[in-house]
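Student: Kindly generate the corresponding structure for this input.
(one chain, ligands or ions: 2)
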Amino acid sequence: MLTALTGVFGDRGDAVSVAGRAASYEDLLGAAGAVAADLAEWGPVPAFAVTATATLETVAAVVGGLLAGVPCVPVPPDAGPVERSHILRDSGARLLEVDFARRAPAPGAVASVADDPALILYTSGTTGVPKGVVLSRAAIVADLDALAGAWQWGPQDLLVHGLPLFHVHGLVLGVLGALRTGSRLLHTGRPTPEAYAQAARAGGSLFFGVPTVWSRIAAVPEAATALSGARLLVSGSAALPTPAFRDLERLTGHRVVERYGMTETLITISGRAGGQVAPGTVGTALDGIATRVVAEAGAEIGELQVKGPTLFSGYLGRPDATAAAYTGDGWFRTGDIAALDGEGVHRIVGRASTDMIKSGGYRIGAGEVENALLDHPRVREAAVVGVPDTDLGERIVAFVVADGVSGGELTDFVAARLSVHKRPREVRFIEAVPRNAMGKPQKRLLLEGEERHRT
Ligand code: MLC
Ligand code: AMP
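Tutor: Ligands and ions are numbered 1, 2, ... in the order given. Predicted structure coming up:
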């Protein structure tokens, strides 16, 4: 599955560089071989987990899992005890420590088949605890090959990004994509404007970022102009604001290509290298993917539904939730609201539920944050919403009914139990959560109040 590691592209001393440490394919394959040997020694396990810091160790762990045919569960390094123990318990994964200095020959061909799980990525639903999204080897290969075609991505490229290695964007596209296409990888550690500019000066050709990263680069003109020599700038994981698109076009000469995807579907829609790109649009379906927009009679926008070989194998241990994610005729329901033009170009216009928040490109379920807040002894009610934010796209705002506790304490409480990016950026104390006759929270009322608060 990892074409580059078979040596087709030849070896290079800096094939993979992560946060300032470089490795050749031979180094990486040796370290991954040691991981595979450890996994073989363990005997049968349903999965293994790795604390997915942005390091060569994480890359070796993921490749080692592929070599051994054991699914890998990357755990966010800042996950607090509640989130971490849920992930480990739910997946049954045993935690593996990686020592990149160790080397072992790669095991011979493993008896894995294309449908076998390669990765289990935990992602938030609208309510409750995160679910494990099972991704097969075949789904990943289908997606990476379709993207390689769409972006003309190959061994001539130097891919640059600084995204976390526990989600689709940074891990599947940003690591496995480089290994599959044979492009070199330069992971900057953190996705700062300065680090991207430096990587551009070092020859970076293909750049990935979430919109927050691109907006921050656009706000630092000397960093943005350094990206003029790149071949392709790609944005995804959330909507790229048009002002950022325009500023980057002016400063870099590039029209940023947007692509759309989900943990459950991988990337399904994208603009093309050398193709027409318009701000606010995410392009056309990738090769092998079918999309449809199911609109109410007379409406032009509706739920985006997708089908194709890149789709997940199901939520781990949750056949109910898996079944609920599909329509009766077998299309995956994204929960995103979209419009489709006559040319097959998609525009994502919103989400069906206010309970799914996208902040800094991270997907956060309101229910998970509410449950964490309700675990605090002073909190009686909690309602969490995403409020428009120029930097993060949306920022998490928690409305709570509580006394004897400060907003800062509640923020720290969530950050420590779940993870830092799931913390509310603002806590507002209210008398009661507005509810309808059925007792269901009326979050739109809170959001309307928030609009008034802003103006
Ligand atoms: C602040 N910090 C706290 C804290 N408040 N720590 C503990 N408790 C508190 N109360 C610290 C953090 O530890 C961190 O420290 C620092 O503040 C900043 O943290 P942050 O707020 O998370 O960083 P921020 O600058 O807001 O991050 C922006 C960002 C990030 C863009 C870098 O949001 C990001 O990496 N996003 C990428 C998400 C992504 O990859 N999504 C893809 C999903 S896949 P320190 O020391 O660490 O600086 C997908 C499919 C698809 O969507 O289509 O791609
Ligand atoms: P995640 O599961 O973290 O992969 O998040 C998936 C969600 O990110 C999708 O359902 C969309 O809401 C959002 N998303 C991803 N890419 C884009 C994009 N280019 N434009 C708008 N939203 C996007």
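Student: Excluding chain neighbours, what is closest to Asp336?
Tutor: In this structure, Asp336 finds its nearest non-sequential neighbour in Leu304, 4.8 Å apart by Cβ to Cβ, 6 or more residues apart in numbering. C-beta here means a position set from N, CA and C on the backbone, and glycine is covered the same way.
Student: for the residue nearest to Ala79 when sequence neighbours are not counted, what are its contacts?
Tutor: Spatial nearest neighbour of Ala79, chain neighbours left out: Ser419 (4.9 Å); criterion: Cβ to Cβ, 6+ apart. Residues counted as contacts of Ser419 (Cβ atoms under 8 Å, 6 or more residues apart in numbering) are Pro76, Asp78, Ala79, Gly80, Glu83.
Student: wait, isn't the fourth one in contact with His421?
Tutor: No. With contact defined as Cβ atoms under 8 Å, Gly80 does not reach His421; the gap is 11.6 Å.
Student: picking up where we left off before, columns neighbour count on top of the contacts of Ser419, output as a markdown table?
Tutor: Below are those laid out as a markdown table (neighbours: other Cβ atoms under 10 Å):
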| residue | neighbour count |
| --- | --- |
| Pro76 | 23 |
| Asp78 | 17 |
| Ala79 | 23 |
| Gly80 | 18 |
| Glu83 | 21 |
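Student: Just name the closest of those residues to Gln152, please.
Tutor: For these, the residue nearest Gln152 by Cβ to Cβ is Pro76; the value is 32.2 Å.
Student: what about Arg347, is that helix, strand or coil?
Tutor: strand (DSSP: H, G, I helix; E, B strand; the rest coil).
Student: Number the residues from 490 up from this point.
Tutor: New numbering, starting at 490: the last item is Arg836.
Student: What separation do you get for it and Leu881?
Tutor: Using Cβ to Cβ, to the nearest Å, Arg836 is found at 21 Å from Leu881.
Student: next one: Lys620
Tutor: 23 Å.
Student: and what of Gly569?
Tutor: 20 Å.
Student: How about Ile846?
Tutor: According to Cβ to Cβ, Ile846 and Leu881 sit 10 Å apart.
Student: between these two, which one's more packed in?
Tutor: Between Ile846 and Leu881, Ile846 has the larger neighbour count (other Cβ atoms under 10 Å), namely 26 against 23.
Student: Need phi/psi at the more buried one.
Tutor: Phi and psi for Ile846, reported as degrees, to the nearest 10, are phi -110, psi 140.
Student: Pull the contacting residues for it.
Tutor: Arg852, Ile853, Gly854, Ala855, Val873, Val874, Gly875, Glu883, Ile885.
Student: do that again at 10 Å, thanks
Tutor: Counting by Cβ atoms under 10 Å, 6 or more residues apart in numbering, Ile846 touches 613, 615, 840, 852-855, 858, 873-876, 881-886, 911.
Student: roughly how far apart are the closest residue to Tyr851 other than its chain neighbours and ligand 2?
Tutor: Closest residue to Tyr851 apart from its sequence neighbours, by Cβ to Cβ, 6+ apart: His910 at 4.7 Å. Computed with Cβ to the nearest ligand atom, to the nearest Å, the distance linking His910 and ligand 2 is 11 Å.
Student: show me the residues around His910 that make contact.
Tutor: Counted by Cβ under 10 Å, 6+ apart, His910 has contacts Pro565, Asp567, Pro653, Ser848, Gly849, Gly850, Tyr851, Arg852, Ile853, Leu881, Ile885, Ala904.
Student: Rounded mean pLDDT for stretch 521-535, please.
Tutor: The average pLDDT within stretch 521-535 is 96.
Student: What count of nearby residues applies to the nearest residue to Gly718 once chain neighbours are set aside?
Tutor: Nearest residue to Gly718, sequence neighbours excluded (Cβ to Cβ, 6+ apart): Ala689, at 6.4 Å. Ala689 has 24 neighbours, counted by other Cβ under 10 Å.
Student: Help me confirm that Ala689 is found in a helix?
Tutor: Yes. Under three-state DSSP, Ala689 sits within a helix.
Student: check contacts around it.
Tutor: By Cβ under 10 Å, 6+ apart, the residues touching Ala689 are 647, 649, 675, 696, 712-719, 722, 741.
Student: Report the buried members of the residues you listed.
Tutor: Neighbour counting over the contacts of Ala689 (16 or more other Cβ atoms under 10 Å) leaves Leu647, Val649, Leu675, Phe696, Ala712, Ala713, Ala715, Leu716, Ala719, Leu722, Thr741 as the buried ones.
Student: Dump the residues you listed into a markdown table; add distance to Arg933 and secondary structure as well.
Tutor: Output for the buried ones among the contacts of Ala689, formatted as a markdown table (distance: Cβ to Cβ, whole Å; DSSP: H, G, I helix; E, B strand; the rest coil):
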| residue | distance to Arg933 | secondary structure |
| --- | --- | --- |
| Leu647 | 46 | strand |
| Val649 | 40 | strand |
| Leu675 | 44 | strand |
| Phe696 | 37 | strand |
| Ala712 | 38 | helix |
| Ala713 | 37 | helix |
| Ala715 | 43 | helix |
| Leu716 | 39 | helix |
| Ala719 | 41 | coil |
| Leu722 | 35 | strand |
| Thr741 | 38 | helix |
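Student: same for ligand 2: which of those are within range?
Tutor: When Cβ under 6 Å from any ligand atom is applied, no member of the buried ones among the contacts of Ala689 is adjacent to ligand 2.
Student: Between those, which sits nearest ligand 2?
Tutor: Ligand 2 lies nearest to Leu722 out of the buried ones among the contacts of Ala689, by Cβ to the nearest ligand atom, at 13.2 Å.
Student: where does this structure come near ligand 1, residue by residue?
Tutor: 652-653, 656-659, 680, 699, 701-702, 725-726, 750-752, 849-851, 900-901, 904, 909-910, 912.
Student: let's see 5 Å
Tutor: 652-653, 656-658, 699, 701, 725-726, 750, 849-851, 900-901, 904, 909-910 (Cβ under 5 Å from any ligand atom).
Student: Strands - which of the residues you listed land there?
Tutor: When DSSP state E is applied, the residues of the chain next to ligand 1 are split such that Gly750, Tyr851 fall in strands.
Student: which of the residues of the chain next to ligand 1 are buried?
Tutor: 652-653, 656-658, 699, 701, 725-726, 750, 849-851, 900, 904, 909-910.
Student: May I have the phi/psi pair for the residue in the stretch 540-689 of the chain that ligand 2 sits nearest to?
Tutor: Closest residue of the stretch 540-689 of the chain to ligand 2, Cβ to the nearest ligand atom: Thr612 (4.9 Å). Dihedral pair for Thr612: phi -140, psi 150, per degrees, to the nearest 10.
Student: Now do the same contact list for it.
Tutor: 619-622, 656-657, 751-753, 801, 804, 851-854.
Student: With adjacent residues omitted, what lies nearest to it?
Tutor: Nearest residue to Thr612, sequence neighbours excluded (Cβ to Cβ, 6+ apart): Thr752, at 4.4 Å.
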